[in-house]
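Undergrad: Predicted model and sequence follow; I will ask about them next.
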Amino acid sequence: MDYIVDVLNRKPQGGLSPYAEALTRLMERLKQCGGNLKKMMDGDPKLAKTVAKVCVTRWMVEPETNRTAYLVPQPSWRQIKKRKLTPGQVDEMRPERFAALLFHVGTLNPEWEKLAGPCARCGRYYIKKRASQKVYCSRRCGNAATAVERTRQKLKQERNEKLKQAGAALRKWRKARTEEPWKTFVSRKTGIDLRFLTRHQTELQPPKKGR
Ligand SMILES: [Zn+2]
């Protein structure tokens, strides 16, 4: 499972690796199906076939005791040879096959449903530590996101407060018989930056020429 998370998070030079991309596509599709594997596979029989056939199991005797056996999943790479594809074609399909293989093996893992992501802050996939952990990969990301949200709220509040002040000053300007342009008047009365007033002209509804 750690390996799957690792592949999903591979980002060489800023972009996702072709393997991460292919596997991410499968994870996104599964998410759209609400995690329902049957729904996902019924909706795409071709994919279902690829995932089902990408891996074969090999029966092996348990070497410690020689009394029981187990199944080892193995990629069915031989199929590629059988179909006599050119190296280019093999390369082209490799990320998809590789993703299908990881998907196949991943779904067999009892921890499969703990795989979650991408994290709402850092965009990485992760293994859930608690069932409730649905949005952020870690407490660190959760806390950081809360801090960002708090700052955003604070800025918004400050902005609204400034707009209120500017609005009040603008009303004064309307009554005052002054040749001073509204922006400099409002800025002088409130101490609000001229750029702020320009940026929020539409909200402030400044008077047209001739008031
Ligand atoms: Zn995160």
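TA: Perfect, thanks for sending it.

Undergrad: Give me the neighbour count for residue 159.
TA: Residues within reach of residue 159, counting by other Cβ atoms under 10 Å, total 14. Heads up, the C-betas are built off the backbone N, CA and C, glycines and all.

Undergrad: Remind me which helix or strand it belongs to.
TA: helix 139-175 (DSSP states H and E).

Undergrad: is that helix up against the ion anywhere?
TA: Yes - for helix 139-175, a contact with the ion is found by Cβ under 5 Å from the ion, at residue 141.

Undergrad: Let me see the mean pLDDT of stretch 28-41.
TA: For stretch 28-41, the mean per-residue pLDDT is 96.

Undergrad: helices and strands around the helix holding residue 159, which ones?
TA: Packed against helix 139-175 by the contact rule (3 or more Cβ pairs under 8 Å, 6 or more residues apart in numbering; DSSP states H and E) you find helix 182-190, helix 194-199, helix 201-204.

Undergrad: let's see 7 Å
TA: helix 182-190, helix 201-204 (3 or more Cβ pairs under 7 Å, 6 or more residues apart in numbering; DSSP states H and E).

Undergrad: Same question for the shortest one: list its buried residues.
TA: Spelled out, that is helix 201-204. Residues of helix 201-204 classed as buried by neighbour count (16 or more other Cβ atoms under 10 Å): residue 204.

Undergrad: How about the first one?
TA: Residues 182, 183, 185, 186, 187, 189, 190 are the ones in helix 182-190 that count as buried (16+ other Cβ under 10 Å).

Undergrad: Quick one: low-confidence residue ranges for this structure.
TA: 14, 77-93, 207-211 (pLDDT under 70).

Undergrad: check the buried residues of helix 182-190 against the ion, which are close?
TA: Taking Cβ under 5 Å from the ion as the test, the ion is in contact with none of those.

Undergrad: Make JSON lines out of those residues and add distance to residue 135.
TA: Shown next, in JSON lines, are these (distance: Cβ to Cβ, whole Å):
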{"residue": "182", "distance to residue 135": "45"}
{"residue": "183", "distance to residue 135": "43"}
{"residue": "185", "distance to residue 135": "47"}
{"residue": "186", "distance to residue 135": "42"}
{"residue": "187", "distance to residue 135": "42"}
{"residue": "189", "distance to residue 135": "44"}
{"residue": "190", "distance to residue 135": "40"}
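
Undergrad: For the ion, state which of those residues is nearest.
TA: Taking Cβ to the ion as the measure, the ion sits nearest to residue 190 out of those, at 40.6 Å.

Undergrad: who touches the closest one in this structure?
TA: By Cβ atoms under 7 Å, 6 or more residues apart in numbering, the contact set of residue 190 is 165, 166, 169.

Undergrad: 10 Å instead, please
TA: Taking Cβ atoms under 10 Å, 6 or more residues apart in numbering, we find residue 190 in contact with 162, 164, 165, 166, 167, 168, 169, 170, 172, 196, 197.

Undergrad: mind listing what's buried in stretch 192-206?
TA: So stretch 192-206, judged by 16+ other Cβ under 10 Å, has buried residues 192, 196, 197, 200, 204, 206.
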